[in-house]
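**Q** Provided below for reference: sequence and predicted model.
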Amino acid sequence: MVIREQRVPFDQVRRALGGVLGHDLHAKRVASLCDATLGVLRSASLAVCAIGKGLAAARGLNPKHATKQVDRLLSNPKISVDDILARWIPYVVGARTSIVVALDWTDFDADNQATIMLPLFRFARNTAAIAADGIYVVRTSLPATTLDDTETVRSYKSLALVEQAF
């Protein structure tokens, strides 16, 4: 997989979130959620300071003020995560009658914390592969023109032959 920085325009985030949340939330709250989403996408982090810096970079704002804006949003009692999820999950799932997810629960004993990740596999080729053969997360720096997804997994699986030889 080749990882490239992709910049998502504010208008695109606004259309997506506004379409899902705009009917039930005040326009200023939707705009703040869009800003925070842009900050998360830009920073690739969920730390408040990083989101603020990501927002500042994406929108050309003062990092200190953007971080304060994110902090205020996250402490706003009028923002209900449960209410947002009740609208967001049906939007993501759409018309599908079933979904495939992979649960990753990682404990960090040193600081007594855990991280839970639940990615949704949305494409038929992924769900078919998972049902037949398990879940693979294989990363490569080669471009898809050199080694596509199928060949990447095949190459990874062939490493088992090397293991068996030892």
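**A** Sure, I can see it.

**Q** Secondary structure element for Leu41, which one?
**A** Leu41 is located in helix 27-43, with elements delineated by DSSP states H and E.

**Q** What confidence value was assigned to the closest residue to Ser45 other than its chain neighbours?
**A** Nearest-residue entry for Ser45: Ile51, 6.7 Å, with adjacent residues in sequence omitted and distances by C-beta to C-beta, 6 or more residues apart in numbering. All C-beta spots, glycine's among them, are computed from the backbone N, C-alpha and C. What the model reports as pLDDT for Ile51 is 93.

**Q** Please give the element, helix or strand, for Ile51.
**A** With the criterion set as DSSP H and E, the secondary-structure element containing Ile51 is helix 48-59.

**Q** Check the offset of the helix or strand just after that helix from the chain's centre.
**A** Using DSSP H and E, the helix or strand that directly follows helix 48-59 along the chain is helix 63-74. Helix 63-74 has its average C-alpha position 21 Å from the chain's average C-alpha position, going by C-alpha atoms, centre = their mean, to the nearest Å.

**Q** Buried residues, helix 63-74. List them.
**A** In terms of neighbour count (16 or more other C-beta atoms under 10 Å), helix 63-74 has its buried residues at Ala66, Thr67, Gln69, Val70, Leu73.

**Q** Repeat that for stretch 26-45.
**A** Under the neighbour-count criterion of 16+ other C-beta under 10 Å, stretch 26-45 has 29-43 buried.

**Q** Let me see the ranges of the helices in this protein.
**A** Using DSSP state H, the helices of the chain run over residues 10-21, 27-43, 48-59, 63-74, 81-93, 124-133, 149-165.

**Q** just checking, which of those helices comes out with the lowest mean pLDDT?
**A** Looking at these, the lowest mean pLDDT belongs to helix 124-133 (a mean of 50).

**Q** thought Gly39 was touching Leu61?
**A** No - Gly39 lies out of contact with Leu61 (C-beta atoms under 8 Å); the separation is 9.7 Å.
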